[in-house]
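Asks: Output the structure for:
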Amino acid sequence: MKIKTKDPSKQRKLLYNAPHHIRAKIMLAHLSQNLRESYGVRSLPIRSGDTVRILRGDYKDYEGRVTRVDRRKYRIYVDGVAREKADGTTTPVPIHYSKVEITRLNLDDDWRKRILERKGSPEKEEKPSEETDEKEKEEGSEKPSGNDKKIKE
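Replies: Here you go, the predicted structure:
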């Protein structure tokens, strides 16, 4: 049974105590408009190898490849987004998954391709012509329904 709660403290607790496989589903990012139109999907879990554009913060509008996904801390690391420490070494800056947009997908994995096919919008079927609708209505009126009660006279 899924837990349904609106209590903010319980929501934070669920995020904090979520298992690894649930954290992967939580760490979704929106697709860019181009990808959204081509795949028919609004968001997907972030994976290393994806190219993302940072939407908020000091590194806004920076685009780079995801080098690491830290599910424990709910952060991703983008290639080229680094900070220089006091001793002169550089360290990658963690970015929250909700502050990025996926611009290019890493489709090396066949499982991910299947996910896109499954989640994508199905092809719109053409409506049957009016003649077939009329025939179905006529056939439906001839068949007695099981709920008809017999009236004794």
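Asks: Which parts of this protein are strands?
Replies: 28-31, 43-45, 51-54, 63-70, 75-84, 90-96, 100-104 (DSSP state E).
Asks: possible to save those as a markdown table with mean pLDDT?
Replies: Below are the strands of the chain laid out as a markdown table (pLDDT from 0 to 100):
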| stretch | mean pLDDT |
| --- | --- |
| strand 28-31 | 94 |
| strand 43-45 | 92 |
| strand 51-54 | 96 |
| strand 63-70 | 96 |
| strand 75-84 | 95 |
| strand 90-96 | 96 |
| strand 100-104 | 95 |
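Asks: Put together TSV for these, with mean neighbour count and distance to H21 on each row.
Replies: (Each C-beta comes from the backbone N, C-alpha and C, glycine too.) Listed next are those as TSV, based on neighbours: other C-beta atoms under 10 Å; distance: least, C-beta to C-beta, whole Å:
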stretch	mean neighbour count	distance to H21
strand 28-31	19	14
strand 43-45	17	11
strand 51-54	20	22
strand 63-70	16	13
strand 75-84	16	18
strand 90-96	15	20
strand 100-104	20	20
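Asks: Could you dump the ones you listed into CSV and include distance to S9?
Replies: Below are the strands of the chain laid out as CSV (distance: least, C-beta to C-beta, whole Å):
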stretch, distance to S9
strand 28-31, 23
strand 43-45, 26
strand 51-54, 30
strand 63-70, 24
strand 75-84, 22
strand 90-96, 20
strand 100-104, 27
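Asks: And those: which comes nearest E117?
Replies: Among those, strand 43-45 comes nearest to E117, with 12.5 Å by C-beta to C-beta.
Asks: And for that closest one, what's in contact with it?
Replies: Outside strand 43-45, the residues that touch it by C-beta atoms under 8 Å, 6 or more residues apart in numbering are 24-25, 27-31, 102, 105, 112, 115-116, 119.
Asks: Closest to I3 out of the residues you listed?
Replies: Ranked by distance to I3 (C-beta to C-beta), the contacts of strand 43-45 are led by K25 at 14.8 Å.
Asks: could you list every residue that touches that closest one?
Replies: Contacts for K25 were tallied using C-beta under 8 Å, 6+ apart; they are P45.
Asks: Skipping its backbone neighbours, what lies nearest L14 in space?
Replies: Nearest non-adjacent residue to L14, counting by C-beta to C-beta, 6 or more residues apart in numbering: I3, 6.9 Å away.
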